[in-house]
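Participant: no sequence for this one, just the structure:
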């Protein structure tokens with residue numbers, strides 16, 4: 001079923017002319033602040049990392065890592081039983097690699113947030129020290145109850161728990177007819193894309209997995225109510241990304257379809273991982289955040305690998321526009337704890353002990369922070385600051 005012609009008369013690019021607008025939007029978002037530049041530039045992080053001799057960083061166990069562990073890729077996630085906790089929530093770059101890479105990426109993100117909030121350098125020093133202490137606490141059971149949550153996390157979790165389907169529809173500006181509005185964030189799709197989406201969702205098994213229904217009603221096929229190309233994040237450039245509204249078993253559900261591409265993050269050699277990138281993303285998500293991985297499926301779509309998840313009202317991105325001095329150290333410690341929890345669940349007791357010993361060895365006398373972490377973050381902040389200014393110069397020249 002095609003959309004009415006009136007819905008295609010918005011000021012949005014045609015399906016075959018998305019790239020120029022996407023490039024412009026990506027560049028504009030990354031020019032907003034150094035923190036936004038860090039969040040949107042995974043490639044520069046790994047370019048720097050590849051230039052280092054491997055022995056300069058601790059070598060961790062072979063586990064699934066996020067691969068793009070910045071602050072914006074953490075946030076509240078709803079489990080099937082309705083509980084909401086802070087978790088890793090983005091796995092495009094997930095791979096079986098060195099967990100040190102997640103810690104440095106998080107440290108860079110926190111340091112950039114501190115600089116963007118005009119906090120003094122001594123606060124960044126304390127943040128990195130307590131970040132490792134928080135990460136370490138995740139390896140010892142029973143700390144969730146006594147680990148104080150920072151104000152920004154409490155506020156995010158409180159907001160998530162109060163949200164409903166109406167909240168999600170309001171955020172996405174879905175109208176009373178439950179249509180996806182075309183405009184700034186949603187663009188029209190081609191008849192070929194629409195047909196491929198409808199064909200894919202004709203399989204009830206997809207919705208059964210995503211929604212957690214044990215026994216599908218095979219007499220009732222999912223109905224695609226509406227679909228649009230979704231302009232979201234800096235990684236949308238050139239990739240397939242769709243928002244799809246479906247009706248299944250009497251309920252309307254909003255689904256996210258996202259193309260999976262090869263990870264930039266380095267993997268350990270000679271480890272076994274799915275060759276299909278969508279299956280890699282699914283396996284990494286299931287290992288790091290089971291509450292989210294259990295609500296995802298991997299499929300082939302228009303000859304590309306994609307993964308699908310339902311957008312739950314409680315699933316939010318952790319937004320830190322301003323990092324307050326009184327909350328900065330606790331925030332760094334708690335976010336590292338969340339990352340540590342995702343890493344630790346993949347290790348047995350012996351591996352945990354060996355990894356922590358390696359990770360915390362040879363702390364600097366002045367700060368207690370291992371020299372490899374401090375040096376890495378300092379060099380990366382300098383590298384990204386220069387990259388950010390150059391990005392802004394080129395963006396201004398193109399105006």
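Facilitator: Right, received. Where do you want to start? Everything numeric in this text was worked out from a predicted model, so none of it was measured.
Participant: Excluding chain neighbours, what is closest to the residue most central in space within the chain?
Facilitator: The centroid of the chain falls nearest to residue 90 when counting by C-alpha atoms, centre = their mean (2.4 Å). Among residues not flanking residue 90 along the chain, residue 73 sits closest, at 4.0 Å (C-beta to C-beta, 6 or more residues apart in numbering). Heads up, the C-betas are built off the backbone N, CA and C, glycines and all.
Participant: What count of nearby residues applies to the one you found?
Facilitator: Other residues near residue 73 number 23, with proximity taken as other C-beta atoms under 10 Å.
Participant: can you check residue 271 too?
Facilitator: Residue crowding around residue 271 was assessed by other C-beta under 10 Å; the count is 11.
Participant: again with residue 72
Facilitator: By other C-beta under 10 Å, 20 other residues sit near residue 72.
Participant: which residues touch the closest residue to it other than its chain neighbours?
Facilitator: Closest residue to residue 72 apart from its sequence neighbours, by C-beta to C-beta, 6+ apart: residue 39 at 5.1 Å. Taking C-beta atoms under 8 Å, 6 or more residues apart in numbering, we find residue 39 in contact with 70, 71, 72, 109, 234.
Participant: Least confident of those residues?
Facilitator: Within these, residue 234 has the lowest pLDDT, namely 61.
Participant: Spell out the residue ranges of the strands in the stretch 251-399 of the chain.
Facilitator: Taking DSSP state E, counting those that start in this stretch as the test, the strands found in the stretch 251-399 of the chain are 251-259, 296-301, 304-310.
Participant: Direction included, what does the second one pair up with?
Facilitator: What that stands for is strand 296-301. strand 304-310 (antiparallel) (DSSP bridges).
Participant: Do me a favour and average the pLDDT over the strand it pairs with.
Facilitator: On average, strand 304-310 scores 94.
Participant: Next, report how far that strand is displaced from the centre of its chain.
Facilitator: Relative to the centre of its chain, strand 304-310 is centred 14 Å away, using C-alpha atoms, centre = their mean, to the nearest Å.
Participant: With stretch 201-215 instead?
Facilitator: 24 Å.
Participant: For that stretch, list every residue counted as buried.
Facilitator: When neighbours are counted by 16 or more other C-beta atoms under 10 Å, the buried residues of stretch 201-215 are found to be 201, 204, 206, 207, 208, 209, 210, 211.
Participant: Please render those as TSV that adds secondary structure and pLDDT to the earlier fields.
Facilitator: As requested, the buried residues of stretch 201-215 are exported to TSV (DSSP: H, G, I helix; E, B strand; the rest coil; pLDDT from 0 to 100):
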residue	secondary structure	pLDDT
201	coil	91
204	helix	82
206	helix	87
207	helix	84
208	helix	82
209	helix	83
210	helix	83
211	helix	76
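Participant: of all the residues you listed, which comes closest to residue 268?
Facilitator: Within the buried residues of stretch 201-215, the smallest distance to residue 268 is 29.1 Å, found for residue 209 (C-beta to C-beta).
Participant: Report the contact partners of the closest one.
Facilitator: Residue 209 sits next to 295, 297 when contact means C-beta under 8 Å, 6+ apart.
Participant: where along the stretch 51-200 of the chain do the helices fall?
Facilitator: Ranges of helices within the stretch 51-200 of the chain are 99-116, 121-137, 151-162, 165-171, 191-200, based on DSSP state H, counting those that start in this stretch.
Participant: How about the strand or helix carrying residue 43, which residues are buried there?
Facilitator: Element membership for residue 43 (DSSP states H and E) is helix 42-50. The neighbour-count check on helix 42-50 (16+ other C-beta under 10 Å) flags 42, 44, 45, 46, 48, 49 as buried.
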